[in-house]
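In: build me a structure from this.
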Amino acid sequence: MAVPVPFLVLCSCVLGLYRVEATPDALSSLDASFCHGGLEVVYPQLDVDECLVIPKDLREKMSTVWNAPNVYFPGAQTNQMYVLVMVDPDAPSRAQPTAAYWRHWLVVDVQGYALKEGQIRGTTLTNYQRPTPPRTSGFHRYQFMLFEQHADAPMSLTEQEKSSRAKWDLWAFVTRFDLGEPVATVQFLTQNYKA
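Out: Model prediction:
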């Protein structure tokens with residue numbers, strides 16, 4: 001008995017979608033909804049312009065080889081300054097984020113004209129740290145947030161904030177400098193490349 005080709009195509013699409021959603025590498029709807037505003041983070045072989053899970057074959061490079069990415073924000077206002085934040089809200093694990101937020105990168109005074117060109121021209125308060133989730137901790141979210149910065153507000157970390165990247169109170173920092181809501185966000189999920 002011959003099976004019609006459209007039926008086979010439909011079955012393969014349905015089964016393929018089911019298989020993708022059933023894997024631990026698929027984003028939940030909540031994780032997918034985090035991204036907005038058109039922020040783009042570009043690593044040598046990876047362009048993160050939407051919420052995604054890092055492919056297995058790139059996880060080792062992400063954790064051991066690649067340095068700070070280029071960051072593009074086409075919606076940047078030329079004369080506006082911005083604050084770029086990269087955090088891990090799942091440190092040391094998503095089930096027990098007792099060290100959240102882990103501050104991976106913090107740059108202030110970022111020039112809008114440079115963001116339009118994919119460059120970070122600003123003052124680094126926390127140097128970039130590669131995503132390196134612990135081996136048995138599962139997937140971690142790495143979130144990039146871009147805030148508009150007030151021109152007359154010199155920004156800094158407190159001595160306590162400088163002493164550790166762990167347990168950073170991101171929202172206290174946002175409130176302290178009246179940053180408001182992020183104008184653009186993007187995130188990726190990854191796990192230890194040996195997992």
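
In: what is the least confident helix or strand in this structure?
Out: When the helices and strands of the chain are scored by mean pLDDT, DSSP states H and E, helix 5-22 comes last with a mean of 32.

In: tell me the helix or strand right after it.
Out: helix 29-32 (DSSP states H and E).

In: distance of Asp31 relative to Gly118?
Out: As judged by C-beta to C-beta, to the nearest Å, Asp31 and Gly118 stand 25 Å apart. From N, CA and C alone the C-beta is placed, and that goes for glycine too.

In: the more surrounded of the two?
Out: Higher neighbour count among Asp31 and Gly118: Asp31, with 18 against 15, using other C-beta atoms under 10 Å.

In: give the contact list for the nearest residue to that one once chain neighbours are set aside.
Out: Using C-beta to C-beta, 6 or more residues apart in numbering and skipping residues adjacent in sequence, the residue nearest Asp31 is Cys51, 5.9 Å away. Shown in contact with Cys51 (C-beta atoms under 8 Å, 6 or more residues apart in numbering): Leu27, Asp31, Ala32, Ser33, Phe34, Cys35, Val186, Gln187, Phe188.

In: ok, 10 Å please
Out: Contacts for Cys51 (C-beta atoms under 10 Å, 6 or more residues apart in numbering) come out as 27-28, 30-36, 141, 143, 185-189.

In: give the buried subset of the residues you listed as a ChimeraX selection command.
Out: Buried residues within the contacts of Cys51, by 16 or more other C-beta atoms under 10 Å, are selected in ChimeraX with:
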select :27,31,35,141,143,185,186,187,188,189
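
In: Val41: which element?
Out: Using DSSP H and E, Val41 falls in strand 40-43.

In: could you pull up the mean pLDDT of that strand?
Out: The average pLDDT for strand 40-43 rounds to 96.

In: and that strand, which strands flank it?
Out: Paired strands of strand 40-43, with direction, are strand 46-48 (antiparallel), strand 70-72 (antiparallel) (DSSP bridges).
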